[in-house]
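Student: What follows is a predicted protein model with its sequence.
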Amino acid sequence: MSITMSPYLNFAGNAREAMEYYHGIFGGELTVTTFADFGMENMPPEGTMHAELATDAFKLYASDAMPGAETTWGGTRNYIAFMGDDVDTLKGWYDALLADGSAGMPLEKQVWGDMYGDVKDKFGIEWMFNIALPDGWAEGGR
């Protein structure tokens, strides 16, 4: 048996723009299909029915919200969490998302020994980064 779990984001009409932005940060292969590609009448023809960003590390999916469902229920906050030990890659992704976004917590070494930070990107998606640091790691050098 094989099971995977992947984030599936829903946007209010700008899923393609968001996924192209994430593609520029994370790399990988991006495929986008529109409502028109599936002949869905009564939907914005240029709207994104399904987008997939496949990287070596993960997959991220997205679509545009159905008309009338553009807002979230009840204000629940959700984060996409990256956890790993590739300091340079994860710091680079954090910095790239932060460039057009805002930090909830700066990316820095924490009391538990890992580096942690979170950022809200320009689309309002919140990302958490927990980076396991190698023994002897010091900011600015290893």
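Tutor: On my side now, so go ahead.

Student: buried set for stretch 112-125?
Tutor: Using 16 or more other CB atoms under 10 Å as the test for burial, stretch 112-125 gives M115, Y116, G117, D118, V119, K120, D121, F123, I125. The way it works is simple: take the backbone N, C-alpha and C, and place the C-beta from them, glycine included.

Student: Likewise for stretch 47-57?
Tutor: Neighbour counts over stretch 47-57 (16+ other CB under 10 Å) mark G47, T48, M49, H50, A51, E52, L53 as buried.

Student: How is this structure divided into domains?
Tutor: With domains defined by automatic domain parsing, the chain comprises 8-64, 79-131.

Student: now those domains in JSON lines, with distance to W137 and mean pLDDT?
Tutor: Shown next, in JSON lines, are the domains of the chain (distance: least, CB to CB, whole Å; pLDDT from 0 to 100):
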{"stretch": "domain 8-64", "distance to W137": "21", "mean pLDDT": "93"}
{"stretch": "domain 79-131", "distance to W137": "7", "mean pLDDT": "95"}
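
Student: re the thing from before, can you pick out the ones from the buried residues of stretch 112-125 that are in strands?
Tutor: Mapping the buried residues of stretch 112-125 onto strands (DSSP state E) picks out M115, Y116, G117, D118, V119, K120.

Student: which among these gets closest to A18?
Tutor: Closest approach to A18 among those (CB to CB): K120, at 13.1 Å.

Student: Quick one: neighbours of E29, just the number.
Tutor: The number of residues packed near E29 is 10, by other CB atoms under 10 Å.

Student: Same question for the one 4 residues further on.
Tutor: The burial metric for T33, expressed as a neighbour count using other CB under 10 Å, is 13.

Student: and it, what does it touch?
Tutor: Taking CB atoms under 8 Å, 6 or more residues apart in numbering as the criterion, T33 is in contact with T48, M49, H50, A51.

Student: just how off-centre is the strand or helix carrying it within its chain?
Tutor: T33 is part of strand 29-34, with elements assigned from DSSP states H and E. In terms of CA atoms, centre = their mean, to the nearest Å, the centre of strand 29-34 is found 15 Å from the chain centre.
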